[in-house]
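Visitor: build me a model:
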Amino acid sequence: MSRYRGPRLRIVRRLGELPGLTRKSAKRAYPPGQHGQNRKKRSEYAVRLEEKQKLRFNYGVSERQMLRYVRKARRAAGSTGTVLLQLLEMRLDNTVFRLGMAPTIPAARQLVNHGHIMVNGRRVDVASYQCRPGDVVTVRPKDQSRKIVENNLQFPGLANMPSHLEFDKEKLTGKVNSVIDREWVALQINELLVVEYYSRQA
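Guide: Next up is the predicted model:
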């Protein structure tokens, strides 16, 4: 099974804060496990692996999907690391999360998979759908769908709305105005280390 379904706080303790994975924060500052408090110095490989795992767990993608995104970012113009982050940020599940319709990315993925979200007037149930500038993201016009999103909007996952998105709370309609800028990525990550990690595989 490629998607992680275990305790999320364990991952947060190991990798640091992951705003897309969970809203909870770890009480203990050291990693889990018997040797969590007295970890030895990490190798360069371990540091790169950790950065890659941050991306994977935060956005909820499998290793195969991650490799595909890296290859796609390599082919695109511009910095590979920045393009990789933009590809992950512009996924539909992440866009729903950043609009405040869901408290976490896994919750947003569930909303999408269950058919509660529409893009440009058509129901889209694929979480990895790539949003483009001009796309209009709306809630399906059903009472159940609207009620779920209205409840989620009372406690949004992140306080600040990125500059590339706009949202109408009354109509429950969001719009993608452009591709996200690097400064608006909420995850603290060194994307160059991720690109280095995949340099031998991609």
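Visitor: can I assume V137 is in contact with V119?
Guide: Yes: between V137 and V119 there is a contact under CB atoms under 8 Å: 5.7 Å. For every residue, glycine as well, the C-beta is placed using N, CA and C.
Visitor: can you give me the strands in the chain?
Guide: Counting by DSSP state E, the chain has these strands, from start to end: 117-119, 122-123, 136-139, 165-168, 173-176.
Visitor: with mean neighbour count and mean pLDDT added, can I get the ones you listed in CSV?
Guide: Shown next, in CSV, are these (neighbours: other CB atoms under 10 Å; pLDDT from 0 to 100):
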stretch, mean neighbour count, mean pLDDT
strand 117-119, 22, 94
strand 122-123, 9, 93
strand 136-139, 19, 94
strand 165-168, 15, 91
strand 173-176, 20, 93
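Visitor: export these to JSON lines and tack on distance to R182?
Guide: Output for the strands of the chain, formatted as JSON lines (distance: least, CB to CB, whole Å):
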{"stretch": "strand 117-119", "distance to R182": "24"}
{"stretch": "strand 122-123", "distance to R182": "30"}
{"stretch": "strand 136-139", "distance to R182": "22"}
{"stretch": "strand 165-168", "distance to R182": "15"}
{"stretch": "strand 173-176", "distance to R182": "17"}
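Visitor: quick one: which of those strands is nearest A46?
Guide: strand 165-168 (35.2 Å; CB to CB).
Visitor: what sits up against that closest one?
Guide: With contact meaning CB atoms under 8 Å, 6 or more residues apart in numbering, strand 165-168 is reached by T95, R98, L99, G100, M161, T173, G174, K175, V176, N177.
Visitor: what is in contact with V137 and V119 at once?
Guide: Here V137 and V119 have L92, C131 as joint contacts, going by CB under 8 Å, 6+ apart.
Visitor: coming back round to it: how about the contacts of strand 165-168 in TSV, adding distance to E183?
Guide: Listed next are the contacts of strand 165-168 as TSV, based on distance: CB to CB, whole Å:
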residue	distance to E183
T95	17
R98	14
L99	18
G100	19
M161	14
T173	25
G174	20
K175	20
V176	17
N177	16
